[in-house]
Structure formats: structure tokens, C-alpha cells
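> sequence unknown, structure follows:
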């Protein structure tokens, strides 16, 4: 069995790939027969086309990875903005659920101290939540 490379979905990348990459002589892949001169020329052309297609696909992948990174940055930078809308009571409840009562005191690692250093609003909410301390 020989490999087939194809994508059966519409592509927005327009990378120029015509369709499935197929061997012009699949029977030669599965046995030890040497190709004739005309077959060898066709196979060489097939290899060159496949290499060019591969370069286009690799370029498309790099472009998609770059787009993914940009989208992840947008998501990351905007997610925190929504936390600003949480009511203080809900924020306090979230803080309480982060606290591990059994953990030894460590101002650098205990959740109640960490949330109090995020911003002035969180500090105010944390300090006004007696159950947190």
C-alpha cells in the first residue's frame, strides 16, 4: 500500500495544491521493477511537483501557526478584561475556593496573599473577606 496525501475539505489558504498527490505508477512502488526512461522522466516531474507542493503546504502551515499565535494573544489579553466585571461577592467566593487551609503559611505561595497583590480592587476584596484570612 502506498501513501496518499490529500485534503477533502475546502481550503481558505489557497496554497495551490490541486488535490490528492498520487503516484503515476503505483505498481512500481509495490515491486522491484525498474522504470523505463519515459517513466523515470514522469516520476522525476512528479517528485519536483510534490516538492513544490510541499513547500507551499509548509508555507501555509507557518502562516497558520502565526495566525494561531496572534489569536491566542488576543484571547489571552482580553480574557482578563471580563474578570473586571465580576461582582465583589463572586470574586470573594472565587478567592475562598482557592485557599488551601492545610497549606503551611507562605506569603509567596498562599492564594489569599497572591490575589491581594493582583490589583487594588482585588486587594480590597481580599482584605474585606474575613473568611479568606
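Done, it's in. Since we're looking at a predicted model, the values are computed, not measured.
> looking at the chain, which helix or strand is least sure?
Lowest on mean pLDDT, DSSP states H and E among the helices and strands of the chain sits helix 111-115, with a mean of 80.
> Report pLDDT for the residue nearest to residue 129 when sequence neighbours are not counted.
Once flanking residues are discounted, residue 129 sits nearest to residue 92: 4.3 Å by Cβ to Cβ, 6 or more residues apart in numbering. Glycine gets a C-beta too; all of them are placed from N, C-alpha and C. We have a pLDDT of 90 for residue 92.
> Over to residue 70?
pLDDT recorded at residue 70 is 97.
> And for residue 51, the neighbour number?
Residue 51 has 10 neighbours, counted by other Cβ atoms under 10 Å.
> Would you mind pointing out the helix or strand it falls in?
Assigned by DSSP states H and E, residue 51 falls within helix 37-83.
> Now do that helix: distance to the chain's middle.
From the chain centre to the centre of helix 37-83 is a distance of 13 Å (Cα atoms, centre = their mean, to the nearest Å).
> shouldn't residue 88 be in contact with residue 123?
No - under the criterion of Cβ atoms under 8 Å, residue 88 makes no contact with residue 123, lying 11.9 Å away.
> still on that earlier bit, in terms of secondary structure, what does the least confident helix or strand of the chain contact?
Of the remaining helices and strands, those touching helix 111-115 by 3 or more Cβ pairs under 8 Å, 6 or more residues apart in numbering; DSSP states H and E are helix 88-98, helix 120-127.
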